[in-house]
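[1] coords please:
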Amino acid sequence: MRKFFALLIIFLSFHVSAEAKHSSCAFIFSKNIAEKILLITLDEIGTIKVNGDPVGSDALANYIQERLFKSYLGTGEMHSKIKLVKTSADVPDMLSEAVIKEIKDGQHKALISVCLQKYKKTFDILDKKKQEKLEKQFPVLFQTDFN
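    Presented below is the predicted three-dimensional model:
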């Protein structure tokens with residue numbers, strides 16, 4: 001009877017261990033495919049927040065460049081995409097257009113930083129194959145629709 005319980009305990013411990021490994025693999029897998037979004041919110045009075053942090057309109061391009069590039073330096077990856085959300089229908093088009101221009105400037109600055117870090121060259125000097133590789137690896141740097 002003791003041998004039976006000992007075998008049962010051993011069997012259950014292997015089963016629990018296998019389940020734990022399976023669960024952690026599923027978590028890691030789902031974590032890798034989750035999107036990391038740089039969320040920019042804009043209200044009708046011109047307040048800009050990036051993932052909840054207030055940012056001045058004159059500093060937005062540099063802030064975006066810094067966030068994208070630091071993410072790349074830390075993990076080798078970047079955000080999946082940038083999303084611009086107007087908190088009200090009363091946000092003037094001129095204001096949202098100015099923010100989109102700043103976003104694009106930030107993307108361009110981050111692209112320059114990544115290219116110089118990786119290849120010691122700017123994007124426009126790289127050969128077509130390296131440019132395509134960067135576009136595939138970091139689509140957020142080439143994103144044009146922010147909705």
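[2] check the residue nearest to I40 when sequence neighbours are not counted and give its pLDDT.
    Spatial nearest neighbour of I40, excluding adjacent residues (Cβ to Cβ, 6 or more residues apart in numbering): L84 at 4.9 Å. C-beta here means a position set from N, CA and C on the backbone, and glycine is covered the same way. pLDDT, L84: 97.
[3] contacting residues for L84?
    By Cβ atoms under 8 Å, 6 or more residues apart in numbering, the residues touching L84 are I40, T41, L42, S96, V99, I100, I103, F146, N147.
[4] pLDDT for those - can I get that in TSV?
    Converted to TSV, the contacts of L84 look like this (pLDDT from 0 to 100):
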residue	pLDDT
I40	97
T41	97
L42	96
S96	94
V99	96
I100	97
I103	97
F146	96
N147	90
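[5] among these, which are in helices?
    Judged by DSSP state H, the contacts of L84 include S96, V99, I100, I103 as members of helices.
[6] relative to K133, how far out is the last one?
    Distance check for I103 against K133: by Cβ to Cβ, to the nearest Å, it reads 23 Å.
[7] neighbour count: these two, which is higher?
    Neighbour count, other Cβ atoms under 10 Å: between I103 and K133, I103 has more, with 21 against 13.
[8] count of residues packed around T144?
    Look at T144: counted by other Cβ under 10 Å, it has 8 neighbours.
[9] brilliant, that's me finished.
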